[in-house]
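Asker: below: sequence and its predicted model.
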Amino acid sequence: MAGSETVGTLIAGDVIAGEPPKGDLSGKVALVTGASRGIGRAIAVALAARGALVGVHYNAGADAAQETLAAVRAAGGDGFLIAADLGAPQAWDTLADGLAAALAARGLERFHILVNNAGVSRRMLIEEVDEAEFDRVLQVNLKAPFFLIRRLAPLLADGGRIINISSMSTRAAFAFSPVYAPSKAGLEALTRLLAVHYGPRGITVNAVLPGATATDMNPVSRDPKAREATAKTVALGRVGEPEDIARVVAFLASPDGGWVTGQMLDASGGQRL
């Protein structure tokens, strides 16, 4: 019985009380793409709060990226900014060069955590999608992560982490996602094969699949009726918050996530099960 009471105390302290112990990413360097707002910002803050130095990537939102950096520092961590338009040709080179320069400025040669969060989506039916829109979504959501991983692999430390942000739309049919969902499905296929490819280096590769999440890019968060209707499709009875996703990513980035690889982790609260 004494053993059971001890276990119960640990569960109450570590899980019910909330955050994992801070500092489990001390000495680690992370790069989070699309970190100027929403889920990307929450991930950057969560990793920084656990001790990581965080590279905050953004495209055009310099002010928003500065706000993310301020939040990172308010959480007790530190970081730096890197600008790159992942919709532009060879953008992965711009981003990789920026990271290499930031590392060198700090006397570092390697980083440890890559979170491919940046993505684009428009609610459209297949009849409304033209070739330019198709190419834009595939470029940002699949091509950019593919070539960014390839470009950064030599800088990623053995035992590192690659975490791709996908979507639960790969397992549920949403008629308004005829390009977005396939682009994320491709990212999931890439996740599996790279888990095998980088396994000998001790690098884990996983994908996190958010469901409806309250961000400024999601119409659900701006329309109370839509939010209420969506919540009814979620097993846990509410729309997700960016921090819900960030905690899953932080787990995968931590030592506790070191035996998980090649997995698609649904972080939707049980949406459309």
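Answerer: Yep, that arrived. Only a predicted model underlies this, so the values are computations on that prediction, with no experimental measurement involved.

Asker: just the helices in the stretch 51-200 of the chain please.
Answerer: Ranges of helices in the stretch 51-200 of the chain, per DSSP state H, counting those that start in this stretch, are 62-74, 91-105, 131-138, 144-152, 180-197.

Asker: and the last one, average pLDDT?
Answerer: Taken as a whole, helix 180-197 has an average pLDDT of 98.

Asker: could you do stretch 47-58 as well?
Answerer: Stretch 47-58 shows a mean pLDDT of 98.

Asker: can I get the CA coordinates of that stretch in PDB?
Answerer: Extracted in PDB, the C-alpha atoms of stretch 47-58 (Å, rounded to 0.1, in the frame of the first residue of the first chain):
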ATOM      1  CA  LEU A  47      10.600  24.700 -25.400                       C
ATOM      2  CA  ALA A  48      12.200  27.900 -23.900                       C
ATOM      3  CA  ALA A  49      10.500  27.400 -20.600                       C
ATOM      4  CA  ARG A  50      12.100  24.000 -20.400                       C
ATOM      5  CA  GLY A  51      15.600  25.400 -21.000                       C
ATOM      6  CA  ALA A  52      16.100  25.400 -24.800                       C
ATOM      7  CA  LEU A  53      17.600  28.300 -26.700                       C
ATOM      8  CA  VAL A  54      15.000  28.800 -29.400                       C
ATOM      9  CA  GLY A  55      15.400  30.000 -33.000                       C
ATOM     10  CA  VAL A  56      12.100  31.900 -33.900                       C
ATOM     11  CA  HIS A  57      11.500  31.700 -37.600                       C
ATOM     12  CA  TYR A  58       9.100  34.000 -39.200                       C
END
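
Asker: separation between the nearest residue to I162 once chain neighbours are set aside and A189?
Answerer: Leaving out its chain neighbours, the residue that sits closest to I162 by CB to CB, 6 or more residues apart in numbering is V205, at 4.5 Å. No exception for glycine: its C-beta is placed from N, CA and C like everyone else's. Distance, V205 to A189, using CB to CB, to the nearest Å: 12 Å.

Asker: fine by me, we can end here.
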